[in-house]
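Asks: based on what follows, work out the 3D shape:
(chains A and B)
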Amino acid sequence: MSIEELKDKVGAVWQSRVYEIEKGMIRRFAQAIGDLNPLWQDEEYARKTKYGGIIAPPTFMATLGLEQIQQLLASAPSETSLHGSTELECYQPVRAGDVVTATTRIADFRQRQGKMGTMSFVTFDITYENQRGELVGRCRQMVINY
Amino acid sequence: MSEQRYYEDVELGEEITPLVKQPTTRQLVMWAGASGDYNPIHYDKDYAQSRGLDGVIVHGQLVYCFLGQLMTDWAGEGGSLCQLSCSYRGMNFPGEEITCRGKVTRKYAEDGHQCIECNIWAENPKGEKTVSGRVVVVLPSRGSPATKG
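Replies: Sure, this is the predicted structure:
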C-alpha cells in the first residue's frame, strides 16, 4: 500500500496485531531507554509492590504497532518520514504475561505544498486491548512524509 | 528508585527533578530494536545526509520515553502515569545532552483520583525545546493509597 492510498482509508481499521508481552521484551525496552527502575526488570522487587509483578513502563504501550506504521511510511524510498507527535492515554499497566491486541485506524490524512514539495500528514489512532478484552490504553501518532 | 511523592506535598509551579540523557548511536540502535522503528534517518548517516539532515538524528519517541522516565522517577512507584502527549519540534543528535524538564501546572481530583498535570519538555545543549508536551500522573495521598493502576 502506498501513502496515497491511505486517503481512502481514513476512519477505517488499517490493521490489528497481537503481542505476547514477555519480561525480556520489557527489559530490552527499559534498557534501550536507560531506565533502571526495578519495577520494569526485577521480579522479586516487583512482586512486593502493589502490582505484584513486573510491569512495563507506560511509554512501552506506544511502541506496539509502531513498526508497521514505520514500515508503511518507509515504503516510499524517495520520501523522508519524520515523527510529528505522540499522544498516549494509559488506563491499566501492561504486565509481563499479558496478550495485547493493538488495533490501528487511519484517523486523518492531509496533504499540503511545502518548500520540500508535497507534505503528507498522517494520523493513526491505536487502541490496546488485553487478553480479557479490557481497553488498557490508546495512542495517537502523527507522522509527516515529504 | 526515587522516594514516593504524595499529592498533598506537590505545589503548583513546582519543578520536576530534571533528568539528563546523552544517547549514543548504540542507544539508537537498541531503541530501534526495542521499538520497531527502523527509519534509516536514525542509523544510516549517508541516508540521513542525502535527506538534507546533518547526520543521524535521535528518535523523537525515544526522547518521549525519556520524558516518561522523568515522570515515573519523580512520581515514585505508588503513582501512575495516565496521559503523556508530546510534539516533536526539533532534532536531537547522538552524543549531545538532552535535558528533560517539567513544571506542575494543575492539581485536581477526577473520578476519585488525585491528578497532577505538568508541562514537560526536552532541551538540547543550546536550551532549545526539541520535544514538548503535557503529562498527567495520579499520586497517592498521605493516608490513602492511589487507587489507579
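Asks: and B:Trp74, backbone torsions?
Replies: For B:Trp74, the backbone dihedrals (degrees, to the nearest 10) come out as phi -70, psi -40.
Asks: contacts only, for the spatially closest residue to it that is not a sequence neighbour.
Replies: Closest residue in space to B:Trp74, ignoring its immediate chain neighbours: B:Ile16 at 5.0 Å, by CB to CB, 6 or more residues apart in numbering or on different chains. The way it works is simple: take the backbone N, C-alpha and C, and place the C-beta from them, glycine included. Going by CB atoms under 8 Å, 6 or more residues apart in numbering or on different chains, B:Ile16 touches B:70-71, B:74, B:101-104, B:118, B:120.
Asks: the helix or strand bottoming out on mean pLDDT in chain B - contacts with which helices or strands?
Replies: Here the helix or strand of chain B ranked lowest by mean pLDDT, DSSP states H and E is helix B:45-50, holding a mean of 93. Applying 3 or more CB pairs under 8 Å, 6 or more residues apart in numbering or on different chains; DSSP states H and E, one finds that helix B:45-50 contacts no other helix or strand.
Asks: so which elements touch the helix or strand harbouring A:Val18?
Replies: Assigned by DSSP states H and E, A:Val18 falls within strand A:13-20. Counting contacts by 3+ CB pairs under 8 Å, 6+ apart, strand A:13-20 packs against strand A:99-114.
Asks: distance from the chain centre to the strand it packs on, please.
Replies: Computed by CA atoms, centre = their mean, to the nearest Å, the chain-centroid distance of strand A:99-114 equals 11 Å.
Asks: which SSE is immediately downstream of that strand?
Replies: Later in the chain than strand A:99-114, the nearest helix or strand by DSSP H and E is strand A:117-129.
Asks: what does that following strand rub up against?
Replies: A:3, A:6, A:14, A:61, A:64-65, A:69, A:73, A:84, A:94, A:100-113, A:135-146.
Asks: right, I'll leave it there.
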